[in-house]
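> model this:
(4 chains)
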2 protein chains.
Amino acid sequence: MPRSAPQMPARLTEAAFELFAEHGFEAVTVDDIATHAGVTKGSFYSHFQSKREIILAACAFYYGEYQRKVQRAIARLSDPHQRLRRVLEISVRSCVLDRGNRVFTTEVFALLLQDDEVRAGWSQFYDSVRKMYLGLLIAADGCQVPAAEARRAVDLMLAAMEGVKMRAAFEPQIGSRAQQATIVDDLLRVLGFPAGSRAARSASSATPSSARSRTRSTS
Amino acid sequence: MPRSAPQMPARLTEAAFELFAEHGFEAVTVDDIATHAGVTKGSFYSHFQSKREIILAACAFYYGEYQRKVQRAIARLSDPHQRLRRVLEISVRSCVLDRGNRVFTTEVFALLLQDDEVRAGWSQFYDSVRKMYLGLLIAADGCQVPAAEARRAVDLMLAAMEGVKMRAAFEPQIGSRAQQATIVDDLLRVLGFPAGSRAARSASSATPSSARSRTRSTS
DNA sequence: CAGATAACATACCAATCAGTACGCAAACGG
DNA sequence: CCGTTTGCGTACTGATTGGTATGTTATCTG
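Presented below is the predicted three-dimensional model:
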């Protein structure tokens, strides 16, 4: 049925993402992708010029999915603390608990060491995530802390989240759903919210500011 | 020159590690490894049975090198705070600043998602690193904190270190030598040493205990 | 010195896989 | 209704590469 396949690129991209998230880039052939999408290799090459091109498309798909998930999760929340915690929960669930996403991003990391375009794409995605968290943190924080320090805290928290994801790959038990809250608490602590703080508990919606009490005490 | 090559496996392993650390596992062929070690593929297969086998050998080589570096660095230090900080410095330099090690471990991460033996090896290595940090932390800490909490802090710190390494792959500037001290400070903060604390500064050798002051204040 | 043995090289095989050439058939334009 | 366009399938090629089969040479043993 010619003259009618505007959804074909998207279908191939999604099929590719699913396979990549299961087996990695190298282990998946163009034939596999085409078959998984219900077509053949010849058709594949009438929509994408190379395997590399659909890898880039799969990356863009992943970035979009993450941002869509986050936006939907906080669309109806107005309390800044709730919003921050909710985004952390979503991110942990998506990055740490979901094996497919773990495999996919790990493959992206390996690839971006060799491919400038992949690196640039990830860097841009990471920038947008950082900006988002920075906004959430400043909103939840009541602007108590200089922007430079907030940014450093966000960077450290994002690093910790990446690291937790890595660990989940070889210690699956930390990816259990029971651990999710613990991980979120840890990340909030890295962001400057002390462990005992109720500031960002999803239940409360009050406690407008002074939620954080960064420790500067020395020995 | 037969009957005389007990160093050949080690030479091949080191050659393989160097190439893997530059180009990744898939991009390096057995021919490349053999050539880099000054022999041919036929010789390679008289020392290793498969490409996978030398990848495992290269992993073991990496683990050994890291532990050797750490041991040498703290052999002459007796102050617990100095020891902890020194190990962090060495780890950051080795993991974050060294591109080769970054590439290699990233490849290992990608591979351990598909290979149980690689996963088991890395898991064991990671365990030994965690135990080491736990010992260093408890020593530097004067046993102020329950072991479970110390372990959680170590896990979070190690996660943050992994994440910083990942970021260094696509934001090379954070891997600059100038940033090294900042990263170490951040990691110490995650471990529970407040930012202003001089407890673990490499200069001082006093301040035996009460270096940490975990915040439990709430909003 | 002779035979065994182990390190190493040469040449090859077989499988995999990205990418291509080409043909067919269905929808569109005129 | 006819020709063009376009999506898609079939069949192929060419290059790569892990692994092997088969020497060849030098050292060791007796």
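> for the helix or strand encompassing A:His81, packing partners?
Using DSSP states H and E, A:His81 sits in helix A:80-92. Helices and strands touching helix A:80-92, as assessed by 3 or more C-beta pairs under 8 Å, 6 or more residues apart in numbering or on different chains; DSSP states H and E, comprise helix A:51-74, helix A:116-141, helix A:147-170, helix A:180-190. For glycine as for every other residue, the C-beta is placed from the backbone atoms N, C-alpha and C.
> and for the closest residue to DNA strand D within chain A, the neighbour number?
For chain A and DNA strand D, the shortest gap (C-beta to the nearest atom of the strand) falls at A:Gly42, measuring 2.7 Å. Applying other C-beta atoms under 10 Å in any protein chain shown, we find 8 other residues in the vicinity of A:Gly42.
> picking up where we left off before, what angle separates the helix holding A:His81 from helix A:147-170?
30 degrees (axes from the mean of the first three to the mean of the last three C-alpha atoms, to 10 degrees).
> who touches the lowest-mean-pLDDT helix or strand in chain A?
In chain A, the helix or strand scored least confidently by mean pLDDT, DSSP states H and E is helix A:41-44, which has a mean of 90. Contact with helix A:41-44 is made by A:Met8, A:Leu12, A:Val30, A:Asp31, A:Ile33, A:Ala34, A:Ala37, A:Ile54, as judged by C-beta atoms under 8 Å, 6 or more residues apart in numbering or on different chains.
> where does pLDDT dip in chain A?
Scanning chain A for pLDDT under 70 picks out A:1-5, A:195-219.
> domains for it, by residue range?
Following automatic domain parsing, chain A resolves into domains at A:1-49, A:59-218.
> returning to that earlier point: gap between the least confident helix or strand of chain A and the chain center?
31 Å (C-alpha atoms, centre = their mean, to the nearest Å).
> same question, stretch A:162-175
14 Å.
> can you list contacts of it?
A:92, A:95-97, A:99, A:102, A:105-106, A:179, A:183, A:186, B:109, B:112-113, B:119, B:122-123, B:126, B:155, B:158-163, B:166-167.
> how far away is A:Glu14 from B:Gln7?
As judged by C-beta to C-beta, to the nearest Å, A:Glu14 and B:Gln7 stand 51 Å apart.
> looking at the two, which one has more neighbours?
Shown here are A:Glu14 and B:Gln7; by other C-beta under 10 Å, A:Glu14 has more neighbours (17 against 9).
> residue contacts, the more buried one?
Applying C-beta under 8 Å, 6+ apart, one finds that A:Glu14 lies in contact with A:Ala37, A:Phe61.
> if we can go back for a sec, of the domains of chain A, which stretch is the most buried?
Of all the domains of chain A, domain A:59-218 has the most neighbours on average by mean count of other C-beta atoms under 10 Å in any protein chain shown, namely a mean of 18.
> and it, anywhere near DNA strand D?
No: Domain A:59-218 stays clear of DNA strand D (C-beta under 7 Å from any atom of the strand), getting no nearer than 13.0 Å.
> does DNA strand C have contacts with that domain?
No: figure legend: domain A:59-218 not in contact with DNA strand C (C-beta under 7 Å from any atom of the strand); closest approach 12.9 Å.
> now do that domain: distance to the chain's middle.
With C-alpha atoms, centre = their mean, you get 8 Å for domain A:59-218.
> turn the domains of chain A into CSV, including distance to B:Ala140.
Putting these into CSV (distance: least, C-beta to C-beta, whole Å) gives the following:
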stretch, distance to B:Ala140
domain A:1-49, 40
domain A:59-218, 15
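> please report how far A:Lys41 lies from A:Gln49.
Counting by C-beta to C-beta - A:Lys41 and A:Gln49 are separated by 13 Å.
> please apply the same query to A:Thr105.
Taking C-beta to C-beta as the measure, A:Thr105 falls 24 Å from A:Gln49.
> ditto for A:His23
Counting by C-beta to C-beta, the gap from A:His23 to A:Gln49 is 22 Å.
> what of A:Val145?
48 Å.
> before we move on, the earlier item: so the helix holding A:His81 versus helix A:51-74, what angle?
150 degrees.
> report whether stretch A:176-193 contacts chain B.
Yes: Stretch A:176-193 comes into contact with chain B (C-beta under 8 Å from any C-beta of the partner chain), by way of A:Asp186, A:Arg189, A:Val190.
> tell me which helix or strand comes right after the helix holding A:His81.
Heading C-terminal from helix A:80-92 (DSSP H and E), you reach helix A:99-112.
> got the contact list for that next one?
By C-beta under 8 Å, 6+ apart, helix A:99-112 touches A:17-18, A:20-25, A:55, A:58-59, A:62, A:94-96, A:118-119, A:122, A:165-166, A:168-169, A:175, B:24, B:106-107, B:109-110, B:113, B:166, B:169-170.
> restrict that helix to CA atoms and write it as PDB.
Written as PDB, here are the backbone C-alpha positions of helix A:99-112 (Å, rounded to 0.1, in the frame of the first residue of the first chain):
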ATOM      1  CA  ARG A  99      15.800  -2.300  32.900                       C
ATOM      2  CA  GLY A 100      15.200  -1.300  29.300                       C
ATOM      3  CA  ASN A 101      16.000   2.300  29.900                       C
ATOM      4  CA  ARG A 102      19.100   1.300  31.800                       C
ATOM      5  CA  VAL A 103      20.400  -0.800  29.000                       C
ATOM      6  CA  PHE A 104      19.600   1.900  26.400                       C
ATOM      7  CA  THR A 105      21.300   4.700  28.200                       C
ATOM      8  CA  THR A 106      24.300   2.500  29.000                       C
ATOM      9  CA  GLU A 107      24.700   1.800  25.300                       C
ATOM     10  CA  VAL A 108      24.400   5.500  24.600                       C
ATOM     11  CA  PHE A 109      27.200   6.200  27.100                       C
ATOM     12  CA  ALA A 110      29.400   3.700  25.300                       C
ATOM     13  CA  LEU A 111      28.500   5.200  21.900                       C
ATOM     14  CA  LEU A 112      28.900   8.900  22.800                       C
END
